[in-house]
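Engineer: Sequence and predicted structure are below.
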Amino acid sequence: MDNPKLQNLPVINFDQENLQHGTESWSLARNKVRHALEEYGCFLAVYDAVSFKLRDSVFSALEKLFDLPVETKKKNTSDRLFFGYFSNDRNPSIHESLGIENSTNIEEVKKFSELMWPQGNDDNFSGIIHEYANLVAKLEQVVTRMVFESYGLEKLKCDSHIDSITYLLRFNSYEAPGVDEKTVIAPPHTDKSLITILTPSQVNGLEVNLKDEQWIPVDFLPSSFIVMAADALMAWSNDRIRPCLHRVHMNANARRSSVLMLSYHKGVLHIPQELIDEENPQRYKPFDHLGYHSFLKKEVQTGQHVQCDAIKRYCGV
Ligand SMILES: O=C(O)CCC(=O)C(=O)O
Ligand SMILES: [Fe+2]
């Protein structure tokens, strides 16, 4: 590794053994998850339930998806900011993104596929994407269970939380910047979800900002995904967990793509009483998570949006 700081990013294994609730390896992984999210806001998860073959199929499917005409991709609309198609405002745009809401549901994936390929898709797009979405959602649920358990929250509370999660699957494509110097293609931001689980195509470029304010390039290991805490998890945890500030910085001459799974709570999120005490007074009001995107949309439309602390403006006490 060129950069010794790369070693600072925690790596947690989610093999079959660690996925077994109640085992010693589960408890060890759980403690690492909490520590990583509180200290760094992210970690690399090694998760081989998503096979190399499936991963390759997903990225081949994405190449075909992004090769479609812009007018077709624009049919992927959503009332929520950043849930449907968007591109950056350069012409031609070098960053495009598409999203499938409720992506663990096969009907939603089929609807998306029919919108993009009204004449039919022979490459089993729906099957591949649906399988991928469900495997990554499973990882998200394990991480969520570990977080709940590490704070001593009841299993029932966790079950009902998980039942209310909806998964937005987002695909990004970045053209090669075509300049010698490195270019920041996606500016620094935190995600608006609870948790984001991301993996890129062969081309790296994601950088995370850990405690010391330095940008660390993420070097993905085989079978690895970055698990990032996002704004809603920070609020839910009453500021115990830090959201991961990240950006995309590319100097490669190759096209890059990435797939992200973002978890959202469909109802009102309450800060657990167990996470409120004298030392940690309640810092957020209960909040409608999906409503956060309407709030952001309004901020953007009225020119008031600044990336920093949006969740505090939305539901901070
Ligand atoms: O493409 C990446 O690696 C990061 C994308 C990202 O941060 C986002 O879409 O929110
Ligand atoms: Fe992001």
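Structural biologist: That came through, no problem. Ligands and ions are numbered 1, 2, ... in the order given.

Engineer: Any stretches of the stretch 151-300 of the chain with poor pLDDT?
Structural biologist: For the stretch 151-300 of the chain, the stretches with pLDDT under 70 are 179-181, 212, 252.

Engineer: need the residues of it near ligand 1, please.
Structural biologist: Along the stretch 151-300 of the chain, the residues adjacent to ligand 1 under the rule Cβ under 6 Å from any ligand atom are 170, 172, 186, 191, 198, 200, 206, 246, 248, 258, 260. In this view, the C-beta of every residue, glycine as well, is placed from N, C-alpha and C.

Engineer: Try it again at 8 Å.
Structural biologist: Counting by Cβ under 8 Å from any ligand atom, the stretch 151-300 of the chain comes close to ligand 1 at 170, 172, 174, 186, 189, 191, 196, 198, 200, 205-206, 246-248, 256-258, 260, 262.

Engineer: among the residues you listed, which are in strands?
Structural biologist: Using DSSP state E, 170, 172, 174, 186, 189, 196, 198, 200, 206, 246-248, 256-258, 260, 262 are the members of these that sit in strands.

Engineer: Helices of the stretch 51-200 of the chain, start to end?
Structural biologist: Ranges of helices within the stretch 51-200 of the chain are 52-66, 70-73, 106-116, 125-150, 155-163, based on DSSP state H, counting those that start in this stretch.

Engineer: Could I get the ones you listed in TSV, plus columns for mean neighbour count and distance to Gly41?
Structural biologist: Output for the helices of the stretch 51-200 of the chain, formatted as TSV (neighbours: other Cβ atoms under 10 Å; distance: least, Cβ to Cβ, whole Å):
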stretch	mean neighbour count	distance to Gly41
helix 52-66	16	24
helix 70-73	14	31
helix 106-116	17	29
helix 125-150	20	13
helix 155-163	13	20
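
Engineer: now those as CSV including distance to Ile311?
Structural biologist: Listed next are the helices of the stretch 51-200 of the chain as CSV, based on distance: least, Cβ to Cβ, whole Å:
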stretch, distance to Ile311
helix 52-66, 30
helix 70-73, 29
helix 106-116, 27
helix 125-150, 17
helix 155-163, 18
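
Engineer: just so I know, which of the ones you listed lies nearest Leu19?
Structural biologist: Taking Cβ to Cβ, helix 125-150 is the member of the helices of the stretch 51-200 of the chain nearest to Leu19, at 6.0 Å.

Engineer: which helices and strands sit right next to that closest one?
Structural biologist: helix 24-39, helix 52-66, helix 106-116, helix 155-163, strand 165-174, strand 195-200, strand 224-229, strand 256-265 (3 or more Cβ pairs under 8 Å, 6 or more residues apart in numbering; DSSP states H and E).

Engineer: That one close to ligand 1?
Structural biologist: No: judged by Cβ under 8 Å from any ligand atom, helix 125-150 stays clear of ligand 1, getting no closer than 14.7 Å.

Engineer: number of nearby residues for Asp67?
Structural biologist: 9 (other Cβ atoms under 10 Å).

Engineer: Might one say that Val33 is in contact with Cys42?
Structural biologist: No: with contact defined as Cβ atoms under 8 Å, Val33 does not reach Cys42; the gap is 10.8 Å.

Engineer: more neighbours, these two?
Structural biologist: Using other Cβ under 10 Å as the criterion, Val33 and Cys42 rank with Cys42 on top: 28 against 24.

Engineer: dump the residue contacts of that one.
Structural biologist: Contact partners of Cys42, counting by Cβ atoms under 8 Å, 6 or more residues apart in numbering, are 9, 36, 208, 226-229, 244, 246.

Engineer: ok, what's across the strand from the residue in the stretch 151-300 of the chain that ligand 1 sits nearest to?
Structural biologist: Nearest residue of the stretch 151-300 of the chain to ligand 1: Ser258, at 3.4 Å (Cβ to the nearest ligand atom). Bridge pairing for Ser258 (DSSP bridges) gives the partners Asn172, Pro200.

Engineer: my read: it touches Ile197, true?
Structural biologist: No: taking contacts as Cβ under 8 Å, Ser258 lies outside contact range of Ile197: 11.0 Å.

Engineer: before we move on, the earlier item: to Asp277, which of the helices of the stretch 51-200 of the chain lies closest?
Structural biologist: Comparing the helices of the stretch 51-200 of the chain against Asp277 with Cβ to Cβ, the closest turns out to be helix 125-150 (16.3 Å).

Engineer: for the closest one, the distance to its chain's centre please.
Structural biologist: 11 Å (Cα atoms, centre = their mean, to the nearest Å).

Engineer: As a quick check, tell me the outermost residue of this structure.
Structural biologist: Glu278 (32.2 Å; Cα atoms, centre = their mean).

Engineer: returning to what we had before: going by neighbour count, which of the contacts of Cys42 comes out on top?
Structural biologist: Ala229 (29 neighbours).

Engineer: returning to what we had before: am I right that the residue farthest from the centre of the chain sits in a strand?
Structural biologist: No: going by DSSP: H, G, I helix; E, B strand; the rest coil, the assignment for Glu278 is coil, not a strand.
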